[in-house]
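Peer 1: Here is my input; please provide its structure:
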Amino acid sequence: MEKNDKDLTALIKALANDPKRDNSLYHRAVAEARRAFAEAEAHIQGPVALKTKIRKRKDKVTIKWTFKPEE
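Peer 2: The predicted structure is shown next:
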């Protein structure tokens, strides 16, 4: 049992010392998406429906958003 405790302690220490991921690009993308929805709702003056189109080419991904008045 003592060996398992030492292994668990070593695992926890390794996780605690592991560098954290940088999620700043994700958070910026989410902020831009929220801003786009807010601008679309303000322009349309009501709720909006969203249509997406995704294009993948080699190492690039393009996502096109089309906002319409919600029916």
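
Peer 1: The spatially most central residue of the chain: which element?
Peer 2: Nearest to the geometric centre of the chain sits residue 26, at 4.5 Å (C-alpha atoms, centre = their mean). Per DSSP states H and E, residue 26 falls inside helix 24-44.

Peer 1: Neighbouring strands - and their directions - for the next helix or strand after that helix?
Peer 2: Toward the C-terminal end, the helix or strand that comes next after helix 24-44 (DSSP H and E) is strand 48-57. Counting by DSSP bridges, the strands paired with strand 48-57 are strand 60-69 (antiparallel).

Peer 1: Double-check that residue 21 belongs to a strand.
Peer 2: No: counting by DSSP: H, G, I helix; E, B strand; the rest coil, residue 21 falls outside a strand, being coil.

Peer 1: ok, so what distance separates it from residue 58?
Peer 2: Distance of residue 21 to residue 58, given as C-beta to C-beta, to the nearest Å: 24 Å. (Glycine included, C-beta is placed from N, CA and C.)

Peer 1: now residue 36
Peer 2: Distance of residue 36 to residue 58, given as C-beta to C-beta: 26 Å.

Peer 1: More neighbours: these two, which one.
Peer 2: Neighbour count, other C-beta atoms under 10 Å: between residue 36 and residue 58, residue 36 has more, with 14 against 5.

Peer 1: Residue 33: how many residues sit nearby?
Peer 2: Using other C-beta under 10 Å, residue 33 has 13 other residues around it.

Peer 1: Now do the contacts for it.
Peer 2: By C-beta atoms under 8 Å, 6 or more residues apart in numbering, the contact list for residue 33 is empty.
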